[in-house]
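Chemist: Task: produce atomic coordinates for the following.
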Amino acid sequence: MKLTKYLLSVIILFIFSTNAFAANETIEMLNKQDKERMVYSKKVVKINLGDTVFWKATDKGHNVEFIKGGVPEGVDKFKSKFNKDTEYKFTIPGIYAYWCTPHKTMGMIGFVVVGNDKSNIDAIKSIKFMGRSKKIAPDLINSL
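Modeler: Numbers count the residues shown, from 1 in each chain. The predicted structure follows:
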């Protein structure tokens, strides 16, 4: 009887602790937030290895595209469809830079830091941002 209670306690503890560490993030794709236009609701998120980021197509006309040269080595190209919710499970540690394809010059960029690994920071700093993204990227990169 004592062993059964102990095993049941361990199983319950395991279930609750596993869910507590599943720190998945949701980011909305928006036309406007506060005084900004064409923006992701969160510009920088920090997650654990194995977590998933869900991008919600709250407003129409947006997508998510990993920037070439702006992801850790071994990560495949990722580009979502327009007007569609999308998600990505991060299995390689490092910094991931992404943008909305049609609004990248308007500052619609974001970063995901996986496992607090910043080993590809030099590659991130060498990305050629354009338009408003070029103005906001340095501060975002410094905040990583």
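Chemist: Quick check: which helices or strands does the biggest strand by length in the chain pack against?
Modeler: Longest strand of the chain, by residue count under DSSP state E: strand 25-33. In this structure, strand 25-33 packs against strand 36-40, strand 44-47, strand 52-56, with contacts taken as 3 or more Cβ pairs under 8 Å, 6 or more residues apart in numbering; DSSP states H and E. All C-beta atoms are positioned from the backbone trio N, CA, C, and that covers glycine.
Chemist: would a markdown table of these with mean neighbour count be doable?
Modeler: Shown next, in a markdown table, are those (neighbours: other Cβ atoms under 10 Å):
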| stretch | mean neighbour count |
| --- | --- |
| strand 36-40 | 20 |
| strand 44-47 | 16 |
| strand 52-56 | 18 |
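Chemist: which stretch among those comes nearest Ile121?
Modeler: Proximity to Ile121, assessed across the helices and strands packed on strand 25-33 by Cβ to Cβ, is greatest for strand 44-47 (13.2 Å).
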